[in-house]
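[1] Model the following, please.
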Amino acid sequence: MGTIIKVENLGKRYIIRHQQKGSYSALRDVITEKTKNLFHSAGQLVNNKHSDVVVKKEEFWALNNVNFEVEKGDRIGIVGRNGAGKSTLLKVLSRITEPSKGKISIKGRVSSLLEVGTGFHPELTGRENIYLNGAILGMRRTEIKRKFDEIVSFADIEKFLDTTITNLCSRAILLSKGTIIQDNVTKDVVKNYLMLDASKDGAIYWDNDLAMGDSSIKLKAIKILDQDNNISNHFFSKSKIRIQFDFNIIEMDNDLLIGFDITNEDGMVIFRTHQNDSEQKCWPVLKEGFNSIYCEIPDGILNSGTYYISPKISIFFKKWVINGDPLLSFEVELNHGVSRFWNRTNKSIPRPGSLALILPWKESNLL
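    You can find the predicted model right below:
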């Protein structure tokens, strides 16, 4: 259909200046120095033998070695965390700011509405996102409903109103630290984006001020532990895996659900578990104040691969407290096979599926 945008080796560099003083200066010294500067002409450098101000310069590449093409009719999403370079890329494409290096070829005109999509959820439809963002902005449902047609008209999305945001784009570009790390179909890019920041350290901690949660509960830590209670991110399938949650309950609610999803490399949820899935006599006792509870993934369950933990904390059928993206990842290596046929599985051709259960087979007497 023809290339309408071609970006080659694009880069945008900023110079960050850090001003430091080598020693303490009293207010009197600062006032004296400023007064002296008034007697110098504009643009003239002040030669002060006693000044110990050191100005350091640091290069920051908001974009670096960015290459991609856009064909006529393409619908492309640009995704990435804060600071990834999304806004800078749009500003350069729109000629709001000049690139530091590289080449851009554009057939036609380009304009950008920066920050319009802030807060949009990729798995919700346009209609659902309107209500979500209206609520975030403090609008009442009746107010959103009254202005709904006006919002749709302004956004010009009536045709796609009940389509998820993910499906509006056939292709997506994932930016990280100013560099393209993936350019692929939207589903794969969004999956990798959601898992981009998952920690591989085996544990994640939050200070009081940054703790996830709300006024009723604050999550303090999630830990992945081996059978000796050591933090780990690598396990053999023959071993149990312990997932521990540390949290503070500020206000107790009997409908509190604490759990997590285990997700595979394809972004598929393998299972979800909560602390009260079993019969009530087996539930861990929760109390106001500090709590630490855990569950164990039995041995002989997971196949080789990378798995992700997403915390899921809610008040049953009332509200989500934490409905998080993957925060921790761990690796599993298959080793619980007992059959020579199982053990012949080639690492280059892994056993399919995320689960590697050994199920008993028996002769049937039924004809």
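
[2] so how far is Ile130 from the residue lying closest to Val152 once chain neighbours are set aside?
    Among residues not flanking Val152 along the chain, Glu158 sits closest, at 5.3 Å (C-beta to C-beta, 6 or more residues apart in numbering). C-beta: built from backbone N, CA, C; applies to glycine. Going from Glu158 to Ile130 by C-beta to C-beta, to the nearest Å gives 12 Å.

[3] overlap in contacts of the two?
    Between them, Glu158 and Ile130 share these contacting residues under C-beta atoms under 8 Å, 6 or more residues apart in numbering: Val152.

[4] neighbour count winner among the two?
    Ile130 (22 against 11; other C-beta atoms under 10 Å).

[5] Kindly state the pLDDT recorded for that one?
    Here the pLDDT value assigned to Ile130 is 80.

[6] list the contacts for it?
    Contacts of Ile130 (C-beta under 8 Å, 6+ apart): Ile144, Phe148, Ile151, Val152.

[7] what kind of secondary structure is the residue lying closest to His336 once chain neighbours are set aside in?
    Nearest residue to His336 in three dimensions, chain neighbours excluded: Lys238, at 4.2 Å (C-beta to C-beta, 6+ apart). Secondary structure, DSSP: H, G, I helix; E, B strand; the rest coil: Lys238 is coil.

[8] tell me the contacts of Lys238?
    With C-beta under 8 Å, 6+ apart, Lys238 has these contacts: Asp299, Gly300, Asn335, His336.

[9] Quick check: it vs Asp207, distance?
    Distance from Lys238 to Asp207, counting by C-beta to C-beta: 37 Å.

[10] Show the pLDDT at Ala172.
    You'll see Ala172 listed with a pLDDT of 87.

[11] shouldn't it be in contact with Ile180?
    No. Between Ala172 and Ile180 there is no contact under C-beta atoms under 8 Å: 10.7 Å.

[12] For the residue nearest to His336, give me phi and psi.
    When read as degrees, to the nearest 10, the backbone of Lys238 gives phi -80, psi -10.

[13] Going along the chain, name the strands of the stretch 1-150 of the chain.
    3-21, 53-71, 76-79, 101-106 (DSSP state E, counting those that start in this stretch).

[14] what about the ones you listed, which gets the closest to Met252?
    Distance to Met252, taken as C-beta to C-beta, is lowest for strand 76-79 among the strands of the stretch 1-150 of the chain, at 38.9 Å.
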